[in-house]
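Peer 1: any chance you can model this:
(one chain, ligands or ions: 2)
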Amino acid sequence: MDYPFKNNVPDPLLSGDELPTFKFELEKSQGRVDGGSFGKEATVDQLPISKGIAGVSMRVEPGVTRELHWHATAAEWAFVLSGRCRTTVIDPQGNSEINDFDAGDVWYFPRGHGHSIECLGNEPCQFILIFDNGYFSEFGTFSITDWIGHTPPAVLAKNFGLPASAFANFPKQEVYFTHGAPPPEIAPLPHSGMLRSPSNTHRYRLMANAPYTTFRGGREWRVGADEFPISTTMTGVILDLDAGALRELHWHPTSDEWQYVISGQVQVTLFGSRGRYRIETLNAGDVGYIPQGYGHSIENLGDTTARVLIVFNTGHYQVIDLSQWLAGTPDYLLRDHFAQAENIIAQFPREDLFVVEKKST
Ligand code: MN
Ligand code: MN
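Peer 2: Ligands and ions are numbered 1, 2, ... in the order given. Just a heads-up that it's a prediction; the model follows:
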């Protein structure tokens, strides 16, 4: 069972008189570039408040593979924005899995599972990766070329069953993005390893499903451990907010929140106790971060629908909305808190709103 609260110690970063920024312009950053392929990251180095979650925007061109690697300190959750790609993954039980992904699909690789990601077809593939550790860097992964390139040839000879001279022309440094011909449309089977059964697959087709919830003013697709059992440490959401709609004031008792604006422009408010309040405007390609338990809202200020990818570092998402709190509290208490007359209190929300649509005027 998950321990519901990740830490109970004061965070020195958040103990000051003002909240630090919780915005990072991810797509405007440089990152690591190889031709038309790139990886851009948001870790505590780029966005110091984001201690619980790091993220990456990655694009791989046709014929390019993000090489075989694993992560020592984070699981990986991903959402495919455009194009198609194929992943391979090996787990500690020796099961291998090969999956093909379209835009709108999600994957989850538990910490330490070895994997690769390659572009499928003739168009580039772009995806957003999220890691359940803000200190995790995509440029510090355990990559197969880096490992083999630094291991003595005598050890490699024994391990591979080849003469030591066979390794003379292997890469000496991490390749990171490998280059080759686009892969066959039908993946060949691995030489050994049970293919995983669908019940614990690494792939989930998030946007191929109907929205999890539809409201006046928006829609939400959501996937956590209940829907996608392997995703024990992450829950992902696609939130569409119609023009002028507000994802109301709320907080998450058990998780941090990482945001990536896919389209549109939103205004995010953040409340950090002791009068500390901060507002950021996030445009497409920008990242936002809400620490566990902090009050916040997301409002679409544009005149078209805004789409936001939101990921929580828990498999079992929890939330308390302001309207839910108000509706669950006797009127006399609210009257005395806000020093308002009964007829004002009587107009407060009487149920959970979640999203508030723009009022027609
Ligand atoms: Mn990875
Ligand atoms: Mn939230």
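Peer 1: distance of the most centrally placed residue in the chain relative to Lys51?
Peer 2: By C-alpha atoms, centre = their mean, the chain has its centre lying nearest to Ile130, at 3.4 Å. Using C-beta to C-beta, to the nearest Å, we find Ile130 at a distance of 14 Å from Lys51. For every residue, glycine as well, the C-beta is placed using N, CA and C.
Peer 1: can you pull out the helices in the stretch 201-350 of the chain?
Peer 2: Using DSSP state H, counting those that start in this stretch, the helices of the stretch 201-350 of the chain run over 322-327, 331-338, 342-345.
Peer 1: point out the most buried one among those helices.
Peer 2: helix 322-327 (a mean of 16; mean count of other C-beta atoms under 10 Å).
Peer 1: and the contacts of it?
Peer 2: The contact list for helix 322-327 (C-beta atoms under 8 Å, 6 or more residues apart in numbering) reads 248-250, 334, 348-354.
Peer 1: what residues sit buried inside stretch 281-290?
Peer 2: If you call a residue buried by 16 or more other C-beta atoms under 10 Å, then stretch 281-290 has these buried ones: 282-283, 285-290.
Peer 1: so how far does it reach from one end to the other?
Peer 2: End-to-end span of stretch 281-290 (C-alpha to C-alpha, to the nearest Å): 14 Å.
Peer 1: from the chain's centre, how far out does it sit?
Peer 2: 13 Å (C-alpha atoms, centre = their mean, to the nearest Å).
Peer 1: same thing with stretch 338-346?
Peer 2: That offset, for stretch 338-346, works out to 41 Å (C-alpha atoms, centre = their mean).
Peer 1: number of nearby residues for Glu25?
Peer 2: 15 (other C-beta atoms under 10 Å).
Peer 1: what's the closest non-adjacent residue to it?
Peer 2: Asp286 (5.3 Å; C-beta to C-beta, 6 or more residues apart in numbering).
Peer 1: re earlier: which of the buried residues of stretch 281-290 fall in strands?
Peer 2: Among the buried residues of stretch 281-290, the residues falling in strands (DSSP state E) are 282-283, 287-290.
Peer 1: widest-spaced pair of those residues?
Peer 2: Using C-beta to C-beta, the two most remote members of those are Asn283 and Ile290, lying 17.5 Å apart.
Peer 1: tell me where the model's unsure across the stretch 101-250 of the chain.
Peer 2: Along the stretch 101-250 of the chain, segments meeting pLDDT under 70 span 193-199.
Peer 1: could you pull out the strands for it?
Peer 2: 106-109, 114-120, 125-131, 142-143, 177-179, 203-204, 213-215, 218-223, 235-241, 246-251 (DSSP state E, counting those that start in this stretch).
Peer 1: quick one: strands adjacent to the fifth one?
Peer 2: This points to strand 177-179. Neighbouring strands of strand 177-179 in its sheet, by DSSP bridges, are strand 64-70 (antiparallel).
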